[in-house]
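A.B. asks: Need coordinates for the below:
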Amino acid sequence: MPRFAPLPDRRPAIVAGASAGIGEATAIELAARGFPVALGARRVEKLEDIVGKINAGGGEAVGFHLDVTDPNSVKSFVANAEEALGEIEVMVAGAGDTYFGKLADISTDEFDSQLQIHLVGANRLATAVLPGMLERQRGDLIFVGSEVALRQRPHMGAYGAAKAALVAMVNNLQMELEGTGVRASIVHPGPTKTSMGWSLPADLIGPALEDWAKWGQARHDYFLRAADLARAITFVAETPRGGFIANMELQPEAPLTTAPQERRQLKLDEEKLT
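C.D. replies: Predicted coordinates:
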């Protein structure tokens, strides 16, 4: 006799921040794995293109405007998603951006903007879908964290503080939701190549990279791709009942220290010497 009823075949999902980067890749991956997906972001015109590609490829997707800093926008987005796809089974809170700047140089309003997006916005989205999940005694709340929440980086103090607070919120959710059937998970991306942050001017990126190197935080120049995180997030969503992924950290694999052809040449050189 199974301890839990299996997850339903149809599991509608919502993805916040789905117009680019990790959110876009996650929506595409979830749809490819059979999840009906509602994409939310402020750039609705970008969503239309992504939704069109997903549906043309045999997936099921809709897109609606979403600003996680606006309570009415969140309520409207969730209502539209449920009307279009059905009761929400999976939430992916991935909306956000990265603000570069030393804490002494940024204003309190700029600091607060990161808290509003990454912490309050994530809370707002979760509380919008939680009542239905609690009633059905199942559901997945998946939050996109950051390695910066685990190991702070200079020039990213506001972002790091918001993501660290997000970790605390998710840990509390995990304790408070125990026994309800609702699972709360957080996935921490390491350095990832997206437009978020890396489109900033060199006068902001350059000093940050120098300080990261000073603190041993720039070990190599390989980055994760958005698709790498999308697979990890989808894995969390697909985990069968009876267990859940509490925390996951994904880091980019370093480049090989020597290329295959170089290793072959070294071996040939060694053979000549012997």
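A.B. asks: Shouldn't residue 178 be within a strand?
C.D. replies: No. If the criterion is DSSP: H, G, I helix; E, B strand; the rest coil, then residue 178 is coil and not within a strand.
A.B. asks: For residue 4, see how far away it is.
C.D. replies: 14 Å (CB to CB, to the nearest Å). For the C-beta atoms, the positions are set from N, CA and C on the backbone; glycine is no exception.
A.B. asks: Quick one: mean pLDDT for stretch 115-127?
C.D. replies: The pLDDT scores in stretch 115-127 average 97.
A.B. asks: Buried residues, it. List them.
C.D. replies: By neighbour count on 16 or more other CB atoms under 10 Å, the buried set for stretch 115-127 is 115, 117, 118, 119, 120, 121, 122, 123, 124, 125, 126.
A.B. asks: got any ranges where this protein has weak pLDDT?
C.D. replies: Applying pLDDT under 70 to the chain flags residues 1, 194-206, 208-220, 259-274.
A.B. asks: Return the distance of the strand ranked longest in it from the chain's centre.
C.D. replies: Secondary structure of the chain read by DSSP state E shows that its longest strand is strand 182-189. Its chain's average C-alpha position is 9 Å from that of strand 182-189, according to CA atoms, centre = their mean, to the nearest Å.
A.B. asks: Residues contacting it, please?
C.D. replies: Strand 182-189 is contacted from outside by 22, 130, 133-134, 137-147, 149-150, 166-167, 170, 173-174, 177, 224, 229, 232-233, 236, 239, 244-250, using CB atoms under 8 Å, 6 or more residues apart in numbering.
A.B. asks: Please indicate which of those are buried?
C.D. replies: By 16+ other CB under 10 Å, these give 22, 130, 133, 138-147, 149, 166-167, 170, 173-174, 177, 224, 229, 232-233, 236, 245, 248, 250 as buried.
A.B. asks: Filter those down to just the ones in strands.
C.D. replies: 139, 140, 141, 142, 143, 144, 248, 250.
A.B. asks: where does residue 59 fall, phi/psi-wise?
C.D. replies: With angles defined as degrees, to the nearest 10, residue 59 sits at phi -90, psi -180.
A.B. asks: Neighbours of it, how many?
C.D. replies: Per other CB atoms under 10 Å, the neighbour tally for residue 59 reads 19.
A.B. asks: Taking the centroid of this structure, which residue is nearest it?
C.D. replies: residue 144 (3.2 Å; CA atoms, centre = their mean).
A.B. asks: and the closest residue to it other than its chain neighbours, what does it touch?
C.D. replies: Excluding the flanking residues, the one nearest residue 144 by CB to CB, 6 or more residues apart in numbering is residue 94, at 4.0 Å. Going by CB under 8 Å, 6+ apart, residue 94 touches 15, 16, 17, 18, 22, 23, 26, 144.
A.B. asks: Now that residue 76 has come up, it's in contact with residue 82, right?
C.D. replies: No. At 11.0 Å, residue 76 does not count as touching residue 82 under the criterion of CB atoms under 8 Å.
A.B. asks: Where do the strands of this structure begin and end?
C.D. replies: For the chain, applying DSSP E gives strands covering 13-16, 37-41, 61-65, 90-93, 139-144, 182-189, 247-250.
A.B. asks: list the contacts for residue 23?
C.D. replies: Residue 23 sits in contact with 15, 16, 17, 39, 41, 92, 94, 95, 144, where contact means CB under 8 Å, 6+ apart.
A.B. asks: Alright, I will stop here.
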